[in-house]
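K.L.:
how does the following fold in three dimensions:
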Amino acid sequence: APLTNLGNQTILDHKTGLIWQQQTDNTLRTWEDAITYCEGLSLAAKTDWRLPNIKELESITDDSRSEPSIDTNAFPGDNTKNFWSSTTVVSYTQNAWRVYFQVGDVSSNPKLNTCYVRCVRAGR
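P.N.:
Numbering: from 1, shown residues only. Presented below is the predicted three-dimensional model:
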């Protein structure tokens, strides 16, 4: 399987080499607060966590699933919400891109609005 539970509250995606925070803390954050949260995260004895960019965040959506469109074995908990990416909308920099994992679509959202957060780090 492309996703491996590393047993330390993290998930390795073999397709991308990225390691994901398995459980979110179910806290809504503005975009700036989301970046700050990931940069301050200490998980699995690592501190190089960051907010994923939109391509990375999209990479864990599963087009063979819907409601939610994510592997719920690898990523338990509430995955039916909007999650921030670190990617600013180039044509409208007050907004950033987000993924709505209920159906797996991508949309933009004002950075002062709130979304959920799942952090990532490079595995290799």
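K.L.:
quickly note the distance from the residue lying farthest from the centre of the chain to residue 12.
P.N.:
Using CA atoms, centre = their mean, the residue of the chain lying farthest from its centre is residue 91. It sits 22.7 Å away. As judged by CB to CB, to the nearest Å, residue 91 and residue 12 stand 35 Å apart. Every residue, glycine included, has its C-beta placed from N, CA and C.
K.L.:
verify the stated contact: residue 34 with residue 84.
P.N.:
Yes - under the criterion of CB atoms under 8 Å, residue 34 makes contact with residue 84 at 4.4 Å.
K.L.:
overlap in contacts of these two?
P.N.:
Jointly contacting residue 34 and residue 84 under the rule CB atoms under 8 Å, 6 or more residues apart in numbering are 51, 115, 117.
K.L.:
show me what contacts the residue farthest from the centre of the chain?
P.N.:
By CB under 8 Å, 6+ apart, no residues touch residue 91.
K.L.:
likewise for residue 103?
P.N.:
Residues in contact with residue 103 (CB under 8 Å, 6+ apart) are 66, 67, 68, 69.
K.L.:
what would these look like in JSON lines with secondary structure, pLDDT and distance to residue 7?
P.N.:
Compiled in JSON lines, the contacts of residue 103 are given as follows (DSSP: H, G, I helix; E, B strand; the rest coil; pLDDT from 0 to 100; distance: CB to CB, whole Å):
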{"residue": "66", "secondary structure": "coil", "pLDDT": "84", "distance to residue 7": "28"}
{"residue": "67", "secondary structure": "coil", "pLDDT": "88", "distance to residue 7": "28"}
{"residue": "68", "secondary structure": "coil", "pLDDT": "91", "distance to residue 7": "23"}
{"residue": "69", "secondary structure": "coil", "pLDDT": "92", "distance to residue 7": "25"}
